[in-house]
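J.: Sharing a sequence plus its predicted fold:
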Amino acid sequence: MANHAIVICEHCDAVFQRPMLAPGVLARCTRCDAPLYRNRPLDLDVMLALALTALIVLVLANVFPIVTLQVSNTEREATLWGAILATYDTGVAFVALLAALTVFFFPLLQILLYLHVLLPMRWGLRTAGFRYSMHVLRAMQPWSMVEVFVLGVLVAVVKLAGMAEVTPQLGMWGFALLTVLLTLLNSFDLHQLWDIAQERCDG
Ligand SMILES: [Zn+2]
């Protein structure tokens, strides 16, 4: 378990032994002075609450319409899956698949992995496949792109504004909230989960 004992500067690639820091203290690179990491006390309850809320919000955002479009007298509701299927039907299956993966499956897997790691840990139990889960969690972080989707929808709403009356619906707020929740979850330092697992659960 040596891989979490070092830290690499993102700016100049210098490699350091991970020093023990007092809570709240920020470690800086000795070569270029860039911030390395902060010892932010990690609260498992907060992480767990964020992950559970994210799971509920993800389900709601996928079930409820994202926008309603009103052109003259016709009103249409657009859900994420309606849009993905429509994209698939127009022959760009690759785009539909990419959207389904980055907006639904990767965030879902990420949230489930967080719960899988955090739930046993919260009660001091050993997580089955902890190392594997943590590696997958780290590898998946860049592939969960709910925020890109939210930006895309906003751009589409602005573009459509002249042609149709576009009203954001619950699904839209759900994805916006999901972006915030996932950003908060991913802002926690995963190294600290390794440390907690070693202290509490690896006995
Ligand atoms: Zn540096």
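T.: Nice, I can see it. Residues are numbered from 1 along each chain as shown.

J.: can we go C-alpha only for contacts and neighbour counts from here?
T.: Noted.

J.: interface residues of the protein facing the ion?
T.: 9, 12, 29, 32 (C-alpha under 5 Å from the ion).

J.: Give me the most central residue, this structure.
T.: residue 182 (3.5 Å; C-alpha atoms, centre = their mean).

J.: Can you verify my assumption that that residue contacts residue 53?
T.: No: contact between residue 182 and residue 53 fails when scored by C-alpha atoms under 8 Å: they sit 10.0 Å apart.

J.: Which entries within the residues of the chain next to the ion meet the buried criterion?
T.: By neighbour count, with 16 or more other C-alpha atoms under 10 Å, the residues of the chain next to the ion hold 9, 29 as buried.

J.: Can you tell me which one of the residues of the chain next to the ion sits lowest on pLDDT?
T.: Within the residues of the chain next to the ion, pLDDT reaches its minimum at residue 9, with 89.

J.: quick one, phi/psi of it?
T.: The phi and psi values for residue 9, taken as degrees, to the nearest 10, are phi -70, psi 130.

J.: Could you pull up the contacting residues of it?
T.: Shown in contact with residue 9 (C-alpha atoms under 8 Å, 6 or more residues apart in numbering): 15-16, 29, 34-36.

J.: Tell me the buried residues in the biggest helix by length in the chain?
T.: Secondary structure of the chain read by DSSP state H shows that its longest helix is helix 44-63. With burial defined by 16+ other C-alpha under 10 Å, the residues of helix 44-63 counted as buried are 44, 47-48, 50-52, 54-55, 57-58, 60-62.

J.: Following the chain onward from that helix, which element is next?
T.: For helix 44-63, the following helix or strand on the C-terminal side (DSSP states H and E) is strand 67-71.

J.: quick revisit: what comes into contact with the longest helix of the chain?
T.: With contact meaning C-alpha under 8 Å, 6+ apart, helix 44-63 is reached by 79-81, 104, 108, 111-112, 114-115, 118-119, 122, 170-175, 177-178, 181-182, 184-185.

J.: Buried among these? Need that as a selection in ChimeraX.
T.: To isolate the buried ones among those in ChimeraX, judged by 16+ other C-alpha under 10 Å, type:
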select :79,80,81,104,108,111,112,114,115,118,119,122,170,171,172,173,174,175,177,178,181,182,185
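
J.: In helices, which of the contacts of helix 44-63 appear?
T.: 80-81, 108, 111-112, 114-115, 118-119, 122, 170-175, 177-178, 181-182, 184-185.

J.: So, low pLDDT: which residues of this protein?
T.: The chain contains residues with pLDDT under 70 at 1-4, 40, 200-203.

J.: cutoff 90 now
T.: Across the chain, the ranges flagged by pLDDT under 90 are 1-10, 16-27, 35-44, 67-80, 82-88, 90-96, 98-103, 121-131, 137-168, 186-203.

J.: care to break it down by domain?
T.: 1-41, 42-201 (automatic domain parsing).

J.: Comparing those, which comes out most buried?
T.: A comparison of the domains of the chain by mean neighbour count, using mean count of other C-alpha atoms under 10 Å, puts domain 42-201 on top with a mean of 16.
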